[in-house]
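Undergrad: I would like to see how this sequence folds:
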Amino acid sequence: MRRSRHPEDEKLLVPRARQREGVLAATLRQIRDELGLPESFPAEVQAEARESVAAHELPGADRTGIPFVTIDPPGATDLDQALHLERAGDGYTVHYAIADVPAFVPPLGAVDTEARERGQTLYAPDGRIPLHPTVISEDAASLLPGAERGAFVWTFALDARGETTSVGLERARIRSRRQFSYAEVQSAIDDGEAGESLQLLREVGMLRLDLERERGGASLNRPDEEIEFEGGRYWLVRRAPLPVETWNAQISLLTGMAAARIMIDGGVGILRTMPEPLPDTIAMFRRQVAALGCPWPEGMPYGEFLRGLDHSTPSGLAAVHAAASLFRGAGYTAFDGEPPENPVQAAVAAPYAHTTAPLRRLVDRFVLLTCESLVGGRDVPAWVREALPTLPKLMGRSNGLASRLERASVEAIEAALLEPRVGEVFDAVVISAREGGGTIQLADPVVTAAVEGDLGAGDTVRVRLAAADIPTGVVEFVLV
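TA: Here you go, the predicted structure:
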């Protein structure tokens, strides 16, 4: 039963809430400091970026007649990709433009050196730490609507099944017509008001999903856990991806698969690889999901099984979390000469490369330069070839830093959300179990935590919040 608040209680709650937000803000700042995250770019990096922007010349090839659009989260200013789809007989033509970041980054210069140190754009609750100076990433190189920009323009010819029949790649001028959010595109498609290009995004995206099923690919598609800041407060929000996000991701996958094939055929490049799950891992996962009441039928590809899980049920949610064990070991593999013995990214079920986010991820810039050289029949620049074997370590270090930042930030915000509720009892689902304990998922607020006791994955349990400490991010629950 909810107790009505006395006016004196309200007077106490306001300063307590402000105090809690102050402690959280200080904790998020401390996380940045402990991880050594930079506050800004060195003066020489900023100066070189401004000089590069001032001296920049657009490519000679003109593709501004193609009515590209971008689809990004609301408010995004670092726009990496723009797309346009059209029918071509009984097939399709897909134009996919990727921001020409290399045009603003002199090889081995100050911006390049700093980008190699950073590896990727990092996203913290209290602001992002960009890979490149914002004069590049949010202005001159960003595919903002209405502005002429240089881009790596991929052109794919697809047949009626969505299979790739030819691939083109050139550096050219483009002009995006509009910046859409995912929700805007989804609404327009659902209401039948989208133009042909966006309607074809759904059509082609679904065809590509069918092809993914055929080759045995898989997408985990766990609900997104996002940190939002509104009204001076932070919130954790779980959000299921919209269908348009999946269709759009298929265009990115199409491009990454094409890039991988170009580099393998050319004998030089860097791939995003991931091994197949080990037999013991698969056997354990089968036992887990069978115990959850979600048996994995023999002979069914694991991608098909994962797509059929119901995220809205306790057992389905637990099975989705258990499936993370099948997606381990992803990394980068560089080669110059013989391609890697196993070039496949197991979740994609094909060779694959990161190539569509150069504003936010270091490795993509080198993949684009490698592919554009190979497609154009030119030697890959020596400085690119020299950099390739260094990238797996740089990206691994950066990915580790991003994971630590996300984990520490989420723990602090969860503690802040729960701190005023110490002593309350919550309903929760056991998403994984081990001897003597496991991990639970609360429904409201969206929080995961460890708890001790006799647990089974998929069980619904009641837990009491025993402690929540914002500075350490420690949250303690006990079984009721």
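Undergrad: Strands along the stretch 1-150 of the chain, start to end?
TA: With strands called from DSSP state E, counting those that start in this stretch, the stretch 1-150 of the chain shows them at 69-72, 81-88, 91-99, 122-124, 127-129, 148-158.
Undergrad: Nearest to Gln179, out of those strands?
TA: Across the strands of the stretch 1-150 of the chain, Gln179 has its closest neighbour in strand 69-72 (4.9 Å, C-beta to C-beta). C-betas here are computed from N, CA, C, even on glycine.
Undergrad: what distance separates the closest one from the centre of its chain?
TA: How far strand 69-72 lies from its chain's middle: 16 Å, per C-alpha atoms, centre = their mean, to the nearest Å.
Undergrad: on contacts alone, who are the packing partners of that strand?
TA: Strand 69-72 sits against strand 81-88, strand 178-181, helix 182-190, with contacts defined as 3 or more C-beta pairs under 8 Å, 6 or more residues apart in numbering; DSSP states H and E.
Undergrad: most neighbours per residue, which of the ones you listed?
TA: Per residue and on average, the most neighbours among these fall to strand 81-88, with a mean of 20 (mean count of other C-beta atoms under 10 Å).
Undergrad: So which elements touch it?
TA: Other helices and strands packing on strand 81-88, by 3+ C-beta pairs under 8 Å, 6+ apart, are strand 69-72, strand 91-99, helix 196-215, helix 243-266.
Undergrad: let's go with 7 Å and repeat that
TA: strand 69-72, strand 91-99, helix 196-215 (3 or more C-beta pairs under 7 Å, 6 or more residues apart in numbering; DSSP states H and E).
Undergrad: and Pro42, which of the ones you listed is closest to it?
TA: For Pro42, the closest of the helices and strands packed on strand 81-88 is strand 91-99, at 23.0 Å, according to C-beta to C-beta.
Undergrad: before we move on, the earlier item: which among the helices and strands packed on strand 69-72 is found nearest to Leu254?
TA: Nearest to Leu254, of all those, is strand 81-88, at 10.6 Å by C-beta to C-beta.
Undergrad: what angle sits between that closest one and helix 243-266?
TA: For strand 81-88 against helix 243-266, the angle by axes from the mean of the first three to the mean of the last three C-alpha atoms, to 10 degrees is 90 degrees.
Undergrad: Pull the residues that contact strand 81-88.
TA: Strand 81-88 has contacts (C-beta atoms under 7 Å, 6 or more residues apart in numbering) with 66-70, 92-98, 143, 157, 174, 176, 196-197, 200-201, 204, 251, 356.
Undergrad: rerun at 8 Å
TA: 66-71, 92-99, 143, 151, 157, 174, 176, 196-197, 200-201, 204, 248, 251-252, 356-357 (C-beta atoms under 8 Å, 6 or more residues apart in numbering).
Undergrad: ditto for stretch 390-401
TA: If you take C-beta under 8 Å, 6+ apart as the criterion, stretch 390-401 is touched by 35, 116, 118-120, 122, 270, 331-334, 361-363, 366.
Undergrad: top of those by neighbour count?
TA: Among these, Ile270 has the most neighbours (other C-beta atoms under 10 Å), with 29 neighbours.
Undergrad: Now do the same for that one: helix, strand or coil?
TA: Put simply, Ile270 is strand when judged by DSSP: H, G, I helix; E, B strand; the rest coil.
Undergrad: Quick check: it vs Gly423, distance?
TA: Distance, Ile270 to Gly423, by C-beta to C-beta, to the nearest Å: 52 Å.
Undergrad: now Glu406
TA: For Glu406, the distance to Gly423 - C-beta to C-beta - is 29 Å.
Undergrad: repeat for Ile431
TA: Distance from Ile431 to Gly423, by C-beta to C-beta: 24 Å.
Undergrad: mind listing what Leu479 touches?
TA: Residues near Leu479 by C-beta under 8 Å, 6+ apart: 451-453, 461-464.
Undergrad: Beta-bridge partners for it, please?
TA: Following DSSP bridges, Leu479 is listed with bridge partners Val463.
Undergrad: where's it relative to Ala449, distance?
TA: 12 Å.
Undergrad: Export the helices and strands packed on strand 69-72 as a markdown table, with columns for mean pLDDT and distance to Val111.
TA: A markdown table is the format used below for the helices and strands packed on strand 69-72 (pLDDT from 0 to 100; distance: least, C-beta to C-beta, whole Å):
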| stretch | mean pLDDT | distance to Val111 |
| --- | --- | --- |
| strand 81-88 | 98 | 21 |
| strand 178-181 | 97 | 25 |
| helix 182-190 | 97 | 30 |
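Undergrad: can I get the ones you listed in CSV with distance to Gly376?
TA: Formatted as CSV, those follow (distance: least, C-beta to C-beta, whole Å):
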stretch, distance to Gly376
strand 81-88, 21
strand 178-181, 30
helix 182-190, 33
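Undergrad: Ala349 is nearest to which of these?
TA: Closest approach to Ala349 among the helices and strands packed on strand 69-72 (C-beta to C-beta): strand 81-88, 22.7 Å.
Undergrad: angle of the closest one against strand 91-99?
TA: Using the same axes, to 10 degrees: strand 81-88 against strand 91-99 is 160 degrees.
Undergrad: hey, C-alpha coordinates of strand 81-88 in CSV?
TA: Extracted in CSV, the C-alpha atoms of strand 81-88 (Å, rounded to 0.1, in the frame of the first residue of the first chain):
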residue,chain,number,x,y,z
GLN,A,81,26.0,6.7,-42.8
ALA,A,82,23.4,7.8,-45.4
LEU,A,83,21.4,5.5,-47.6
HIS,A,84,19.1,5.4,-50.6
LEU,A,85,17.4,2.3,-52.1
GLU,A,86,15.7,1.9,-55.4
ARG,A,87,14.2,-0.9,-57.5
ALA,A,88,16.3,-2.2,-60.4
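Undergrad: Run the chain-centre distance for it.
TA: A distance of 22 Å separates the centroid of the chain from that of strand 81-88, by C-alpha atoms, centre = their mean.
Undergrad: what do you get for stretch 352-371?
TA: Centre-to-centre, stretch 352-371 and its host chain are 14 Å apart (C-alpha atoms, centre = their mean).
Undergrad: got the contact list for the residue nearest to Ile189 when sequence neighbours are not counted?
TA: Excluding the flanking residues, the one nearest Ile189 by C-beta to C-beta, 6 or more residues apart in numbering is Arg202, at 5.6 Å. By C-beta under 8 Å, 6+ apart, the contact set of Arg202 is 189, 243-244, 247.
Undergrad: Rank those residues by pLDDT and give me only the lowest.
TA: In terms of pLDDT, the lowest of those is Pro243, showing 91.
Undergrad: list the contacts for the closest residue in space to it that isn't next to it in sequence?
TA: With C-beta to C-beta, 6+ apart as the criterion, Pro243 has its nearest non-adjacent residue at 6.6 Å, and that residue is Gln186. Counting by C-beta under 8 Å, 6+ apart, Gln186 touches 242-244.
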